[in-house]
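*Asks:* Dropping a prediction and its sequence here:
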Protein chains: 2
Amino acid sequence: MRLSLSCLTKPIIHGYFRSSCSWRVRIAFALKGIAFDQVPVNLIKDGGQQFTEQYKGLNPMQQVPAVQIDGIMLSQSLAVIQYIEETRTGHRLLPADPKKRAQVRMISDFIASGIQPVQNLYVLQKMGAEKVQWAHHFIQRGFEALEPILKETAGKYCVGDEISMADICLVPQVYNAERFKVDVDQFPTIKRLNQTLLKVDAFKESHPSCQLDTPAEICT
Amino acid sequence: MRLSLSCLTKPIIHGYFRSSCSWRVRIAFALKGIAFDQVPVNLIKDGGQQFTEQYKGLNPMQQVPAVQIDGIMLSQSLAVIQYIEETRTGHRLLPADPKKRAQVRMISDFIASGIQPVQNLYVLQKMGAEKVQWAHHFIQRGFEALEPILKETAGKYCVGDEISMADICLVPQVYNAERFKVDVDQFPTIKRLNQTLLKVDAFKESHPSCQLDTPAEICT
């Protein structure tokens, strides 16, 4: 019998404790019950370890996370999440119904393409002194659009009553919103969903406050 | 026999000729052979028709495209593309192999989250006089990452020898690159793929140069 090496090794997440895209992938692995190793990539130290030649060799996109899994290297959090959805059993990350799946992807993409990229570290570093105001503006504007959509689609969670990829995207984005002083009380559906989800084990154990590379002074 | 109204009506794309996200959806519908109607939303005129109360009622995200299909309203181009992939026969937009599907999603998401949102109209309007330089920087940087990835994954098209969602994302992004004077000759794989794809009917008939709402002076 020939065993593939990739079946014997745990996936490795190259990530950063506070990166919302890394957190998304940690939540998905936790929901699926997949054990993984982590290699911290410090996005701040030495001008950003994601810009080293070594990391660039691993992931030319120079972003986290990058995930080694089944003998391939994947980046882009939603691609990783959908890959494990299609190759692993365990908690379903997308609903069975095509219309609900589309709603999950719409909400996920709106956060992952419409909000997060415009307030990520690289863009904010380019904004200089205006960075807090810039991030606040784009998250506020994004949540103003997201709230009425979630009001339509949500049950206990973002789409109906099953935790999905949309929830995986929402919670880290709310964490960013709070960092940039967006008043989440303005968005009752977002607030309720976030509070509910933060009590779920997969969201708790993957939280930026308790990772390998979380600095001691902010560890909780 | 009861016929659902949604089965009798063509999908409607609310879009804009030059929006790269609208173009992605037009390509996907063309590849699948799905007839559709278009409602133009002029992103420039009167300060932007996407900001009207009427359009906001249709799509709170105030972006194009928004697609009415099967009795629901969907936005976010990749969510729309994957919805038609999962509900329609015809040309496959994602490969059958899970690893290749993941690569298609990784490339698509890198363009849709990593490049396009940082150079879209709304962000550029906020950048004022620096907008061309800003857009040029982010597309150049994105293509520097994309080129080595495509060199690994590409066959005749972005991933292997079948046209996929990754190709649907690539061509409109190259169109934007050219608008912002990025020299695509620096990226031989991207250049070759784009040239090959622009000869395919689905990419030609959906091109911004020949839509309902393309201004006469730039129609070709």
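*Replies:* Okay, I see it. This structure is a prediction, so every number in the text was calculated from the model and none was measured.
*Asks:* Show me which residues of chain A are close to chain B?
*Replies:* Chain A comes close to chain B at residues A:60-63, A:70, A:72, A:74-80, A:82-83, A:86-87, A:98-99, A:101-103, A:105-106, A:108-110, A:112-114, A:116-118, A:123, A:144-146, A:148-149, as judged by Cβ under 8 Å from any Cβ of the partner chain. Glycine gets a C-beta too; all of them are placed from N, C-alpha and C.
*Asks:* What about those, which are in strands?
*Replies:* A:72, A:74, A:75 (DSSP state E).
*Asks:* dump the residue contacts of the first one.
*Replies:* The contact partners of residue A:72, taken as Cβ atoms under 8 Å, 6 or more residues apart in numbering or on different chains, are B:99, B:102, B:103.
*Asks:* for the residues you listed, which one is nearest residue A:139?
*Replies:* residue B:102 (28.6 Å; Cβ to Cβ).
*Asks:* And the pLDDT for the closest residue to that closest one other than its chain neighbours?
*Replies:* Nearest-residue entry for residue B:102: residue A:83, 3.9 Å, with adjacent residues in sequence omitted and distances by Cβ to Cβ, 6 or more residues apart in numbering or on different chains. Listed pLDDT for residue A:83 reads 98.
*Asks:* Provide a list of residues in contact with residue A:83.
*Replies:* Residue A:83 touches A:69, A:74, B:98, B:99, B:101, B:102, B:105, counting by Cβ under 8 Å, 6+ apart.
*Asks:* and if you look at residue A:169?
*Replies:* Counting by Cβ under 8 Å, 6+ apart, residue A:169 has contacts A:24, A:78, A:107, A:108, A:111, A:112.
*Asks:* Contacts for stretch A:38-56, please.
*Replies:* So stretch A:38-56 is contacted by A:12-19, A:59, A:62-64, A:66, A:121, A:211-213 (Cβ under 8 Å, 6+ apart).
*Asks:* Centre-most residue in chain A?
*Replies:* Against the mean C-alpha coordinate of chain A, by Cα atoms, centre = their mean, the closest residue is residue A:24 at 2.4 Å.
*Asks:* Look at that residue and tell me its secondary structure.
*Replies:* Using DSSP: H, G, I helix; E, B strand; the rest coil, the three-state assignment for residue A:24 comes out as helix.
*Asks:* Tell me the pLDDT of the closest residue to it other than its chain neighbours.
*Replies:* Closest residue in space to residue A:24, ignoring its immediate chain neighbours: residue A:77 at 4.4 Å, by Cβ to Cβ, 6+ apart. Note on residue A:77: pLDDT of 97.
*Asks:* now swap in residue A:185 and tell me
*Replies:* Residue-level pLDDT assigned to residue A:185 equals 98.
*Asks:* Count the residues that sit near it.
*Replies:* Using other Cβ atoms under 10 Å in any protein chain shown, residue A:185 has 8 other residues around it.
*Asks:* How much space separates the residue lying closest to it once chain neighbours are set aside from residue A:23?
*Replies:* The shortest distance from residue A:185 to any non-neighbouring residue, by Cβ to Cβ, 6+ apart, is to residue A:191 (6.4 Å). As judged by Cβ to Cβ, to the nearest Å, residue A:191 and residue A:23 stand 19 Å apart.
*Asks:* tell me which element residue A:14 is part of?
*Replies:* In the assignment (DSSP states H and E), residue A:14 maps to strand A:12-15.
*Asks:* Can you give the contact residues for that strand?
*Replies:* With Cβ under 8 Å, 6+ apart as the criterion, strand A:12-15 contacts A:21-22, A:25-26, A:29, A:36-41, A:55, A:58-59, A:64-69.
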